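Asker: Build me a model from this:
(3 chains)
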Amino acid sequence: MTPAGSLLTARALHKAYGSTPALDGADFSIHPGEVVAVMGPSGSGKSTLLHCLAGIIRPDSGSVLYGSRDLSQMSDAQRSALRRSDFGFVFQFGQLVPELTCLENVALPLRLNGVKRKEAEERSLEWLERLEVGEVRAKRPGEVSGGQGQRVAVARALAARPRVIFADEPTGALDSLNGERVMTLLTEAARGTNAAVVLVTHEARVAAYSDREVVVRDGQAREMAGLA
Amino acid sequence: MTAVDHRPGPTDQREPSGKAPTGLAVWFRDLVMGMRFAVGSGREGWTRTALTAVGVGLGVALLLGASSVPSLLNNRSERSNARTIEFGEQKAPRSDSSFLFHRVGSQFRGESVDGILLRPEGGHPVLPPGVDKVPGPGEAVVSPALKKLLESPDGKLLHDRLPYRVVGTIGQAGLIGPSEHYYYAGSDKLSLKDSGTNRATAYGWRIQSPDMDPVLLVLILVGCVVLLMPVAIFIATAVRFGGERRDRRLAALRLVGADNHMARRIAAGEALLGSLFGLIVGAGLFLFGRQFIGAVDISSLNAFPTDLSPVPALAVLILLAVPASAVAVTLFALRGIAIEPLGVVRSAVPRRRRLWWRLPIPVIGLALLAAFGTVDRKTGSVNTYLIGAGAVLTLLGLTMLLPWLVEAVVARFTGGPVPWQLAARRLQLSSSSAARAVSGITVAVAGAIALQMLFTAVGDDFTKPTGQDTSRAQLQVMLPARDGATTEKMIDAFKDTKGVSGVIATISSRILSAGQERNEDGFPLSTSLTVGSCETLQEIARPGPCKDGDVFQIKGGPGSYVDEDLPKIARPGARALLNDFDDKGNVLGRPSTWTLPRTIRPVDARPDPTGEQNTGLFATTGAVDVKKLADPTARAMVRLDPSVPDAAEYARNTAARFDVTANAFQLMDTSDDRRFVSVRNGLLIASVATMTLIAASMLVTTLEQLRERRRLLSVLVAFGTRRGTLAWSVLWQTAVPMALGLALAVAGGLGLGRVLLGLTGKSGIAWSVVWPLPLFGAGLVLLVTLLSMPPLWRMMRADGLRSE
Amino acid sequence: MSIGHTLLGLLESGPRHGYDLKRAFDEHFGHDRPLHYGQVYSTMSRLLKNGLVEVDGVEAGAGPERKRYAITDAGVTDVAQWLARPEKPEPYLQSTLYTKVVLALLTGRDAAELLDTQRTEHLRLMRGLTERKRKGDLADQLICDHALFHLEADLRWLELTAARLDKLAAVIGS
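Answerer: Model prediction:
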């Protein structure tokens, strides 16, 4: 059963690493334009849920429906293609390719998706400017501050106009001020493009940028929306 | 500063007690600390140390091998000299320890089987080296390799030729190499009257070894540079294995209070320990590897394991130079890097590499070679140092040019598909590590190309048409025939031998003029008389009609030896003596006269199957009584049936049955100096081995880089990067520097080769020796990429995304 | 918050009428609750009695009293002392929530759900503050942030308690 109008729905996800269960019957759904915070203590399975939802890993059982397609039934190549075209990603750190300039980093998903270099870089520059880091375009990630780098990463996640953005502790390595700015820019941009955001965080102030939250505990996700 | 530090007073309170260590003590303290870190920082530290140790060890093993070559050659030639039997011009006196000997050479399936027949003349004959008992008649002591061959099923055939009872084996002291086929056989039939048999009283020969061919010296010189420089470069690369992780550890050290110099020295200490382990590993590899040297048989360049012992001075040099260079390389590598407490900072804008000081190095090298490196073949003098310096500068120059070239070319890369962009950017950011790895290959290939060119050109000197005609006969057997009857029996025996399809047999001897006329040296006039059938005559002359009883006078063709005495002896109806004369010109034995027939037809010589032109008198068997000939020699040229395997061995066995001292040799259309070919192949193998070694270090570097980027790879996978995209980028990253390196190597190699060719007065490029090396290099790039795929695949799983 | 000290502080920039004081207070501090004039009046009489302010003059006219107040030296000293004195940190013991959790455990109810519900409520409030912050000016942002950080601290307590429910249950049960 798919909730009406939902973009991405997971049902009864199970995933174990070795004998340790990371997900133990997790449910999840998100609508277009919605920002959902995935919260929970460390090791509760937040990131595993995100990875399953994004098709990065395949759950041991359960389904992940994106539109009418079940990610858990798709091949690695198909899931990769879907991630390239429909999903965007922001991680805590270590995500920018150190040799590429910031602009090239932002253009990377577009280019992986087959967009010509010139066009990809033009579009990327717009996003860099929208995230207030247009001036670092020719710099390499090692030469910019953490806040700038994270904005570049957000720009990269948004540049390909994804329908779902997966953000795993996107402000984890930033101070409050930079964290807030990044969250503001990320959520505004996502709402502006009607993209859904799956936001994994353990910080309540970051979760406060969401529309609702899901708490993962012991590998089970609880929807809190009904209580709001 | 020191004065201030050690001034007693309140400022000195920080110092706990005593003096702070200075100078060497500081170095020692920090190096030791580094060594402790190298093993004390868990599995990762061990891995890194082990990698370095294995890398350095491989290099050290090669160096030890190279440093053993002089003693190897020396030991071989010493043993060879020790068993050589000296017989002077003056006949040795017969004594209790004297013995008669006769050298016998033969071949079995293309391998030499040499031996010496011995007949002791007294009760206490001298023993040959490596033998503890002189074999009695019908007995033999043989080399272990020959013993094995004789005992094997294949050896049955050889056993027929050497029908001795094996009573012992020859020890190492009596053999040049372990795979040599050699024997001493006892005989009671040897007599000083037989030609080739001599008396001796001792083994061992002391002569000045001839000076080496200067061309060969140049080859060896350049060869050493070519093979050892990549090894040095490899060692330099190996001590940097795991550099990025080490950087992080160094930063942590800075955080707890080490200063910049300390950190550097600690890093040097880590590399030092790796290189010390490398010395141990290298010595182990060397000792292990040399067990197998006996199995290696390149152009009979075969040696015992103990022959491969490093020259002590060189071994000490290796022992000291390797750890010292490990320290030096590490310090050098860290020079552009600031180790800060929070991380390692590479100078933000790396210095652009300049061409102006790099280019002159190879140019000077080539100029040196061209200007001074002339080999005077006549005096044999060669300007060793300048040629060596020239070659070293040229090759070193190439390695210096490479980083510049890689940087200059890579800097122009913009755009292109994503894998290309990733690779290009990576190279732009740190082209030096890639260039470093490839520079070893560049030297190896450039040097190998140059040497191969030289070898091919010089090798042409060694491949000559022999003038032999293997379509008419394949084997020639010479044996002293005591009488004509034996010869006839021999011919029949050969005809009956399995695998023989035809025999051309002659008996030759000298005949003298019956008159008292003497030549200008005071000797009687003499010429050679060859006796054979009319068919045989067809093979050595163009006679026209021939019937038994005819005698012919064979005139040599143009360029052949002109027998001035021949016309004076070969007069129809004249008398000749079938006797020999001694070294004073006195006719030996009772005069035995032969009256020449009324007609002696002159005929032109025809080269026989061995390419020789026979001149002199030719008598058909009915014209002269061969039994009367003095000291005749029988010669049989045997035509073999190519469809019968081992036909040559059967024929040799037949020859040996008649006379164990019979000398049979194979005829060949061209003589290709096999030693030369195998040296060339050896060089090819060595350069291939070097390239493989360097490919291994490239693989390590690539894997290390991938491991460093595990998290980044996972992120790239997360946003849908195809595996192929990353695989291609790894390929390009390896292939681009390799392609540049190989291009430079081919250019440099051709240049160096040309100059070297000029030195030896040769020209012409044999492309066939040039292209295999770059091709092999390209293959290695593919291999490195392929081998790095499984770890890449493994690392491209999402595990890397899980927070640490 | 001490209204007396705040009004005294406002007087430091110059004498004001009572009504001006109320307006100034509302402008700077009265985001949530504007001050009643009566409160200003009673506070000012207390300050007058203590000699911290004095009457600078009275304007004639109809309507409410038009006294102009000015701060005295003693008043300035008092403000300086108040500003310099650290506030006593109040260890807010989550008494109500703690009581609820313990009661839930004692009565066999689902304490985790209680905490989750509370978390949702906290987050709902935080979302509202975040939204207001996004739309508001710098002053709004600072004030909202203050509230947000406090709420976040509460939330951390909620999470920690949730993680320790088993232990707590054991302690209570024994």
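
Asker: looking at this, residue A:25 is in a strand?
Answerer: Yes: checked against DSSP: H, G, I helix; E, B strand; the rest coil, residue A:25 lies within a strand.

Asker: Return the per-residue confidence for it.
Answerer: Reported pLDDT at residue A:25 in the predicted model: 86.

Asker: I'd like to know how many residues surround the closest residue to it other than its chain neighbours.
Answerer: Closest residue to residue A:25 apart from its sequence neighbours, by C-beta to C-beta, 6 or more residues apart in numbering or on different chains: residue A:12 at 5.2 Å. For every residue, glycine as well, the C-beta is placed using N, CA and C. The local packing of residue A:12 (other C-beta atoms under 10 Å in any protein chain shown) involves 13 other residues.

Asker: Just the element for residue A:12, please.
Answerer: Element membership for residue A:12, per DSSP states H and E: strand A:8-17.

Asker: Need the pLDDT of residue 228.
Answerer: Picking chain A for this. 35.

Asker: if you could check chain B rather than the one you did, that'd help
Answerer: 70.

Asker: Repeat that for residue A:70.
Answerer: At residue A:70, pLDDT is 91.

Asker: What of the one 4 residues further on?
Answerer: Each residue has a pLDDT score; the one for residue A:74 is 88.

Asker: What separation is there between it and chain B?
Answerer: Per C-beta to the nearest C-beta, to the nearest Å, residue A:74 is found 12 Å from chain B.

Asker: tell me the contacts of the residue nearest to residue A:25?
Answerer: By C-beta atoms under 8 Å, 6 or more residues apart in numbering or on different chains, the contact set of residue A:12 is A:25-27, A:61-63.

Asker: Dump these into TSV; add distance to residue B:128 as well.
Answerer: TSV is the format used below for those (distance: C-beta to C-beta, whole Å):
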residue	distance to residue B:128
A:25	90
A:26	89
A:27	94
A:61	84
A:62	87
A:63	89
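
Asker: Emit the PyMOL select command for whichever of these are buried.
Answerer: A single PyMOL command selects the buried members of those (16 or more other C-beta atoms under 10 Å in any protein chain shown):
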select buried, chain A and resi 26+27+62
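
Asker: Would you map the helices across chain A?
Answerer: Ranges of helices within chain A are A:46-53, A:76-86, A:102-112, A:117-130, A:146-159, A:176-192, A:204-207, based on DSSP state H.

Asker: closest to chain C out of those helices?
Answerer: With C-beta to the nearest C-beta as the criterion, chain C lies closest to helix A:204-207 of these, at 4.2 Å.

Asker: how about that closest one, does it get close to chain B?
Answerer: No: counting by C-beta under 8 Å from any C-beta of the partner chain, chain B has no neighbours in helix A:204-207; the shortest distance is 15.7 Å.

Asker: Buried residues of the helix or strand of chain A with the lowest mean pLDDT, list them for me.
Answerer: The weakest-scoring helix or strand in chain A, judged by mean pLDDT, DSSP states H and E, is strand A:220-223 (a mean of 78). The neighbour-count check on strand A:220-223 (16+ other C-beta under 10 Å) flags A:220-222 as buried.

Asker: One more: stretch B:520-537?
Answerer: Using 16+ other C-beta under 10 Å as the test for burial, stretch B:520-537 gives B:523-533, B:536-537.

Asker: Could you do stretch C:11-24 as well?
Answerer: Residues of stretch C:11-24 classed as buried under the neighbour-count rule (16+ other C-beta under 10 Å) are C:11, C:16-24.

Asker: same thing with stretch B:734-752?
Answerer: Under the neighbour-count criterion of 16+ other C-beta under 10 Å, stretch B:734-752 has B:734-742, B:744-746, B:748-752 buried.

Asker: Now do the helix or strand bottoming out on mean pLDDT in chain C: everything it contacts.
Answerer: For chain C, the helix or strand with the lowest mean confidence is helix C:95-106, at a mean of 74 (criterion: mean pLDDT, DSSP H and E). The contact list for helix C:95-106, computed with C-beta under 8 Å, 6+ apart, reads C:109-111, C:114-115, C:118, C:157-158, C:161, C:165, C:168-169, C:172-173.

Asker: Sketch out the low-pLDDT regions of chain C for me.
Answerer: Residues of chain C meeting the criterion pLDDT under 70: C:1, C:30-32, C:60-65, C:87-96, C:173-174.

Asker: What are the structural domain limits within it?
Answerer: C:3-84, C:95-173 (automatic domain parsing).

Asker: now the buried residues of strand A:220-223 in a markdown table, with distance to chain C?
Answerer: Converted to a markdown table, those look like this (distance: C-beta to the nearest C-beta, whole Å):
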| residue | distance to chain C |
| --- | --- |
| A:220 | 11 |
| A:221 | 12 |
| A:222 | 7 |
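
Asker: Of all pairs in the buried residues of stretch B:520-537, which one is the farthest apart?
Answerer: B:523 and B:533 (31.2 Å; C-beta to C-beta).

Asker: Just say helix, strand or coil for the closest residue to chain C within the stretch 551-700 of chain B.
Answerer: When scored by C-beta to the nearest C-beta, the stretch 551-700 of chain B has residue B:700 as its residue closest to chain C, at 45.0 Å. Assigned with three-state DSSP, residue B:700 falls in the helix class.
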